[in-house]
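Visitor: turn this into a model:
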Amino acid sequence: MAKKVFTFSDLTRLIGEDYAWRRKELKLIKDQVESPSPNSPMQNAALRFAVPILYAHWEGFVKKSCELYLEFVSNKYLKHNQLKPQFIALSLTKKLGRLEIKNIEEKTKTVDFLLKEINKNSNIPTKNIIQTKSNLRYNVFEEIIFVLDLDISKFSMYQSLIDDLVDSRNNIAHGDYLRVQYSAYESMHLDIQLLMELLKNELENAAITEAFRQQIASA
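Guide: Numbering: from 1, shown residues only. Sure thing, here's the model as predicted:
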């Protein structure tokens, strides 16, 4: 990903653009689902192809928007001591991976290494960090939210929705016959858009409040 997210305006514009085209396409798909006669073979087929597309937009938006936010944080090049632990860990992942921690001597060297690095500028990687694993179940989504130090409790009410959407997509994509009720699709369509909007708002709020910064305790 080209490094182009330097300001809050950059972030909101790019997330907003990604969100907008996905909403527009999902609306077009929903219109196609509604066009045929209710319960007709044509509508049943339309409902079946609508579910994988709905999932694709959800997974795609999570990956794109979270990568943009991570790039925004990375481009701040803050010192490690100014960042939350998750971002320090990302910045030092490669260096930490080369360390062997087997005994007290190695542990001492690790602590010494961390103390020396803490006042240096961060270099947070952005490539291949946000992993949806092609099956964005809630536990995978939870990992992504943790990496970005967002509040997972804001999304907990959508756990069943996220897992059900993955299961439905997989059944259809693997060639199984799954009868999709229009009412179930309509509810899923609405809830996924609400979920996308919630993620968008949380990322933008985290950016404007600089939630990625380490909070300095007052004396």
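
Visitor: spit out the contact partners of the residue nearest the centre of the chain.
Guide: Nearest to the geometric centre of the chain sits Val62, at 3.6 Å (C-alpha atoms, centre = their mean). Val62 makes contact with 130, 132, 136, 141, 144, 199, according to C-beta atoms under 8 Å, 6 or more residues apart in numbering. Any C-beta I mention is one placed from the backbone N, CA and C, and that applies to glycine too.

Visitor: after the helix or strand bottoming out on mean pLDDT in the chain comes which helix or strand?
Guide: The least trusted helix or strand in the chain, going by mean pLDDT, DSSP states H and E, turns out to be helix 104-117, with a mean of 83. On the C-terminal side of helix 104-117, the closest following helix or strand by DSSP states H and E is helix 138-147.

Visitor: which element follows that following helix toward the C-terminus?
Guide: Downstream of helix 138-147 (by DSSP H and E), the next one is helix 159-173.

Visitor: show me where pLDDT drops low in this structure?
Guide: 1-3, 98-101, 216-219 (pLDDT under 70).

Visitor: now do the SS call for the residue nearest to the centre of the chain.
Guide: With DSSP: H, G, I helix; E, B strand; the rest coil as the basis, Val62 sits in helix.

Visitor: any idea how far it lies from Tyr55?
Guide: 11 Å (C-beta to C-beta, to the nearest Å).

Visitor: need the overlap of contacts for the two.
Guide: In contact with both Val62 and Tyr55: Leu136, using C-beta under 8 Å, 6+ apart.

Visitor: what's the spacing between the residue nearest to the centre of the chain and Val111?
Guide: Distance from Val62 to Val111, by C-beta to C-beta: 36 Å.

Visitor: over to Ser74?
Guide: Distance from Ser74 to Val111, by C-beta to C-beta: 26 Å.

Visitor: and Ser183, by the same measure?
Guide: 58 Å.

Visitor: neighbour count: those two, which is higher?
Guide: Set Ser183 next to Val111 and count neighbours by other C-beta atoms under 10 Å: Val111 wins out with 11 against 8.

Visitor: gap between that one and Glu117?
Guide: Remark: distance between Val111 and Glu117 (C-beta to C-beta) = 11 Å.

Visitor: for Thr132, same thing?
Guide: From Thr132 to Glu117 the distance is 30 Å (C-beta to C-beta).

Visitor: centroid-wise, who is the farthest residue in the chain?
Guide: Largest centre distance within the chain, by C-alpha atoms, centre = their mean: Glu105, 38.6 Å.

Visitor: residue contacts, Tyr185?
Guide: So Tyr185 contacts 33, 47, 50-51, 54 (C-beta under 8 Å, 6+ apart).
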